[in-house]
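In: all I have is the shape, not the residue letters:
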């Protein structure tokens, strides 16, 4: 199936979970990433079980602490 | 109050804009912005706000200028090494625009001091370099109902969002709690390209100016991310309201300000 990850269309296996996608996308500091699917945040406790659907749009939001 | 001839000339490129005009320029002159952190983000933000004629600019930072700051903190010069950052920043802003009153706070921003600091300002800019300060500023602004611009920079990346009370998610809606010490890289450990502060800090100044003027759309409900290596800006839509947010949600569990432990490698602020 095709989903959108950070704005780019990607072919992924059917019903891939958020956790599996995090591994596949090689997300930096995966335990501290915020994930949204179709503009809604997914609870971290649901990452392992949340299955993505065809056409879903996924965003990874990262901590960025610098500034001074 | 009428403009002097000098002001008409100084602000002519603003006044000619239909979104600003004489009325908008007066709004800027009568407004106040507090910048927390006189560093990579705070430097360009402070310089542009001073140049724009924001009448009162507060600047808070406890540190002195260090040689390693000058690769990105453009409000300070080599001659300022060793000088309090707030003093160096004040001198630079006043040199650009004598219309501006600069208030300096050479102090640590913590749960004891922040409410008193932000209370008199129309808009707050988070130019800090650590998560305890970023969460503190968020919580204080939510509690005091103050709009603010959050930003973070690292390596070749930067991001920002704008909080306006009652109009969208806060920083804590997106990132519930600060990461543990050393769990995510800091600029000191991982580096940051100097011009990144210029890009993102200038965008923070732009948000403050738009808020004061009441024009355009702010980054409320969006996180704008910038990757300098791919030269991609992305405006990521956020949920309009996060009911479970511990500070701005329907049943807040955070009702007092928290001083989180500082990562040892960070600068203190």
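Out: Yep, it's here. Small disclaimer: the values here were computed from a predicted structure and weren't measured.
In: partner strands of whichever strand or helix holds residue B:160, parallel or antiparallel?
Out: According to DSSP states H and E, residue B:160 maps onto strand B:157-163. Here strand B:157-163 is paired, per DSSP bridges, with strand B:148-154 (antiparallel), strand B:222-227 (antiparallel).
In: next secondary structure after the last one?
Out: On the C-terminal side of strand B:222-227, the nearest following helix or strand under DSSP H and E is strand B:232-237.
In: now that following strand: buried residues?
Out: Neighbour counts over strand B:232-237 (16 or more other Cβ atoms under 10 Å in any protein chain shown) mark residue B:236 as buried. Where C-beta positions appear, they are placed from N, C-alpha and C, glycine not excepted.
In: is that strand anywhere near chain A?
Out: Yes - if you take Cβ under 8 Å from any Cβ of the partner chain as the test, strand B:232-237 does meet chain A, through B:234, B:236, B:237.
In: could you say what helices and strands that strand packs with?
Out: strand B:222-227 (3 or more Cβ pairs under 8 Å, 6 or more residues apart in numbering or on different chains; DSSP states H and E).
In: next one: the strand it packs on to chain centre, how far?
Out: Taking Cα atoms, centre = their mean, to the nearest Å, one finds the center of strand B:222-227 at 15 Å from the center of the full chain.
In: next, the angle strand B:232-237 makes with it.
Out: Angle, strand B:222-227 to strand B:232-237, by axes from the mean of the first three to the mean of the last three Cα atoms, to 10 degrees: 160 degrees.
In: for strand B:222-227, buried residues please.
Out: B:222, B:223, B:224, B:225, B:226.
In: looking at the residues you listed, which one is closest to residue B:192?
Out: residue B:226 (12.4 Å; Cβ to Cβ).
In: in contact with the closest one, which residues?
Out: B:157, B:158, B:159, B:196, B:199, B:200, B:232, B:233, B:234 (Cβ atoms under 8 Å, 6 or more residues apart in numbering or on different chains).
In: how about those residues, which pair is most distant?
Out: B:196 and B:234 (15.5 Å).
In: list the buried residues for the helix or strand where residue A:20 lies?
Out: Secondary structure from DSSP H and E places residue A:20 in helix A:18-24. Of all the residues in helix A:18-24, those buried under the rule 16+ other Cβ under 10 Å are A:18, A:19, A:20, A:21, A:22.
In: is any part of it close to chain B?
Out: No - applying Cβ under 8 Å from any Cβ, one finds helix A:18-24 separated from chain B by no less than 15.1 Å.
In: mean confidence score for that helix?
Out: In this model, helix A:18-24 has an average pLDDT of 97.
In: so what touches that helix?
Out: By Cβ under 8 Å, 6+ apart, helix A:18-24 touches A:5, A:12-13, A:16, A:30, A:33, A:35, A:37, A:42, A:46-48, A:50, A:52, A:58, A:60.
In: tell me the helices and strands packed up against the helix or strand just after it.
Out: Following helix A:18-24 in sequence order, the next helix or strand is strand A:34-37 (DSSP H and E). Counting contacts by 3+ Cβ pairs under 8 Å, 6+ apart, strand A:34-37 packs against helix A:18-24, strand A:57-61.
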